[in-house]
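Peer 1: Prediction below, plus the sequence it came from.
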Amino acid sequence: MQYLYYPGCSLEGTAKEYDQATRALLQRLEVRLTEVEDWTCCGASAAPGISRLLALALAGRNLAMAERAKIKADLLVPCSACYLNLKKTAETLRADPQAMRDTNEVLAEEELSISGKIRVRHLLDVLATDLGPSAIAGKIAFPLKDLVVAPYYGCQCLRPYPMFDDPQKPTSMEGLIRATGAEVLSWSMGPRCCGASHMTTHMDQGMQLSGAILAAARDADVIATVCPMCQLNLEGFQKQISRRTGQGEAITVLYLPQLLGIALGIPPKELGLTLNLAVTEAFKKRIAMNEDLPVLAVQRPETGRQPPCENLNDDEPISQRRTMGAHSH
Amino acid sequence: MSTAATHHASTTEEREANPLSVVQEMMRACIQCGTCSASCPNASAMDLTPRHLWRLVQLGRMEKIFQSHTFTLCSACYYCSLRCPRGLNPSDAMAELKQIAARGHIRQYGDTIYFCRDFVDNVRRNGRLQEMTLMAAYFMHMRRPTLPLRFASLGWKLQSKAKVSLPTLRRGAPKLEALFRRVEEMEGDGT
Ligand code: SF4
Ligand code: SF4
């Protein structure tokens, strides 16, 4: 099995670990990824705010680069915002010959052209549809028993293009999560909006929306996400949100491929787990119970007096790491 | 004719004569049922409900529409587009309103518009978005000294994990200059 791969800008920055975990997981599942050559920003949600043609051209450039690749395969995209942008552009260009001509006229500046043949696929679609829970179940090294996972889908992998799941009651993550031995939290927040870029432009409203999701995940040990923006909104503002609402405990937020990767026994380092902003002590302890699995780095508390960067060394003995973990609370 | 095609049909002159024409075309068939408002996770924070906004769009009430913050509060969740019984795409219509505000440099939309502008300027220069330089440019444009503080704790967390890429200096022409130029020429506004 092979795919063309478009990581997108956030997977080089704030969502590095999503990129690392996706690559590590797919390699373990014997899927080959070929990164699109010289890819550039897809335009995100900002380009349509400026101009329609600019949005088409920025996304179209990447579709054209993917079409030009040596291998013929679907284009796999882990970031939901990039996925929707590329998908929407592909659909628009197919439906609107004039838009196709205009876009090609712009792309001609770089001697590129686009035919609209490429199929854009979300990582979750590939995991749930092409690979399926059985691909995971057959390779479990560390069953995640007694772990309750809240599957969080967000918006843009589900809507407006319902390609692989029910856009209002999604279930595609459930089989994958159960395949790891974990339980799936039954909740209705999976497809709700986290506020997207409101965290930058309308922070109060952003916190409202993300806060509602965090509150509903109270009974879970982990929230699993498939989008860098959702991940950052849910992991990066937990303290500020609970200060505001006066409730809410810290909860672990992982990218889905990180969660699956842990169960497949991929070393936490390869899954980028030390880069996550919200991994609770309780979760680290649970994971540590899987013998041989190196304990995750201890997260530096936001206001603690400890020196920064006390990331633990993977080859320290477990007993020592536990003690250190305990006082960083 | 498909929405996309009609949408495109408006020429630059039409847009200048009536900036709303594109959105009006998109929302012409709205029957004011209110399903969009009921589905919208941001409706409670909006000064006008989405349904009300579409009515004003149909009536061409430019001033009222752009006095409102409603369209900047759309987080593009696509619930309204999924559920609209008329099969309309209110979510994209919201995006279109943001676009009109950006073109008109409408002052009260500073937050959203500066963010979009700084974002695409960054991409024009670097090809890929550099998150750190984007935030710096955005804060500078906003000229609100307390704004960066709200992000300080997150920024520190990200930096300590080496997750924000440091800007790399690029020499010569910006990476996507030719593409951006062509778009500007074709759209006929050299701003
Ligand atoms: S759901 Fe559709 S038809 Fe109903 S008010 Fe909203 S835009 Fe109009
Ligand atoms: S897409 Fe925008 S207007 Fe529509 S429901 Fe979502 S936030 Fe509301």
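Peer 2: Arrived safely. Ligands and ions are numbered 1, 2, ... in the order given.

Peer 1: continuing past the helix or strand where A:Ile177 lies, what's the next helix or strand?
Peer 2: If you go by DSSP states H and E, A:Ile177 is part of helix A:172-179. As assigned by DSSP H and E, the chain's next helix or strand after helix A:172-179 is strand A:183-184.

Peer 1: What is the subsequent helix or strand relative to that next one?
Peer 2: Counting by DSSP H and E, what follows strand A:183-184 is helix A:198-201.

Peer 1: which helices and strands does that following helix pack with?
Peer 2: Contacts defined by 3 or more C-beta pairs under 8 Å, 6 or more residues apart in numbering or on different chains; DSSP states H and E place helix A:198-201 against helix A:203-216, helix A:228-236, helix B:110-126. The way it works is simple: take the backbone N, C-alpha and C, and place the C-beta from them, glycine included.

Peer 1: C-alpha coordinates for the helix holding A:Ile177, CSV please?
Peer 2: The C-alpha coordinates for helix A:172-179 follow below in CSV (Å, rounded to 0.1, in the frame of the first residue of the first chain):
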residue,chain,number,x,y,z
SER,A,172,-14.8,5.7,12.2
MET,A,173,-12.4,6.0,15.2
GLU,A,174,-14.2,3.5,17.4
GLY,A,175,-13.1,0.3,15.8
LEU,A,176,-9.5,1.5,15.7
ILE,A,177,-9.6,2.4,19.4
ARG,A,178,-11.2,-0.8,20.4
ALA,A,179,-8.5,-2.7,18.5
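
Peer 1: Output stretch A:10-24 in CSV with nothing but the alpha carbons.
Peer 2: Listed next in CSV are the C-alpha coordinates belonging to stretch A:10-24 (Å, rounded to 0.1, in the frame of the first residue of the first chain):
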residue,chain,number,x,y,z
SER,A,10,1.6,22.8,11.2
LEU,A,11,3.1,19.4,10.9
GLU,A,12,6.5,21.1,10.6
GLY,A,13,5.8,23.3,13.6
THR,A,14,3.2,23.0,16.4
ALA,A,15,2.1,19.6,15.3
LYS,A,16,5.5,18.0,14.7
GLU,A,17,4.5,15.0,16.8
TYR,A,18,1.5,14.4,14.5
ASP,A,19,3.9,14.1,11.6
GLN,A,20,6.3,11.8,13.5
ALA,A,21,3.5,9.6,14.8
THR,A,22,1.8,9.3,11.4
ARG,A,23,5.1,8.3,9.7
ALA,A,24,6.0,5.9,12.5
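
Peer 1: List of residues touching that stretch?
Peer 2: With contacts defined as C-beta atoms under 8 Å, 6 or more residues apart in numbering or on different chains, stretch A:10-24 is touched by A:7, A:33, A:78-79, A:123, A:228-229, A:231-232, A:255, A:257-258, A:261, A:266, A:270-273, A:275-276, B:128-131, B:158, B:163-165.

Peer 1: So which of those are in strands?
Peer 2: Among those, DSSP state E puts A:33, A:255 in strands.

Peer 1: isn't A:Phe91 right up against A:Met163?
Peer 2: One correction, residue A:91 is Glu, not Phe. No: in this structure A:Glu91 lies outside contact range of A:Met163 using C-beta atoms under 8 Å: 10.6 Å.

Peer 1: tell me the angle of whichever strand or helix holds A:Glu17 relative to helix A:228-236?
Peer 2: Using DSSP H and E, A:Glu17 falls within helix A:16-28. Computed by axes from the mean of the first three to the mean of the last three C-alpha atoms, to 10 degrees, the angle separating helix A:16-28 from helix A:228-236 equals 120 degrees.

Peer 1: Quick one: mean pLDDT for the helix holding A:Ile177?
Peer 2: Mean pLDDT, helix A:172-179: 98.

Peer 1: what's that helix packed up against?
Peer 2: Using 3+ C-beta pairs under 8 Å, 6+ apart: helix A:172-179 touches helix A:123-125, helix A:132-137, strand A:148-151, strand A:183-184, helix A:256-263.

Peer 1: Show me how to select, in PyMOL, the buried members of the contacts of stretch A:10-24.
Peer 2: Buried residues within those, by 16 or more other C-beta atoms under 10 Å in any protein chain shown, are selected in PyMOL with:
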select buried, (chain A and resi 7+33+78+79+123+228+229+231+232+255+257+258+261+266+270+271+272+273+275+276) or (chain B and resi 128+129+130+131+158+163+164+165)
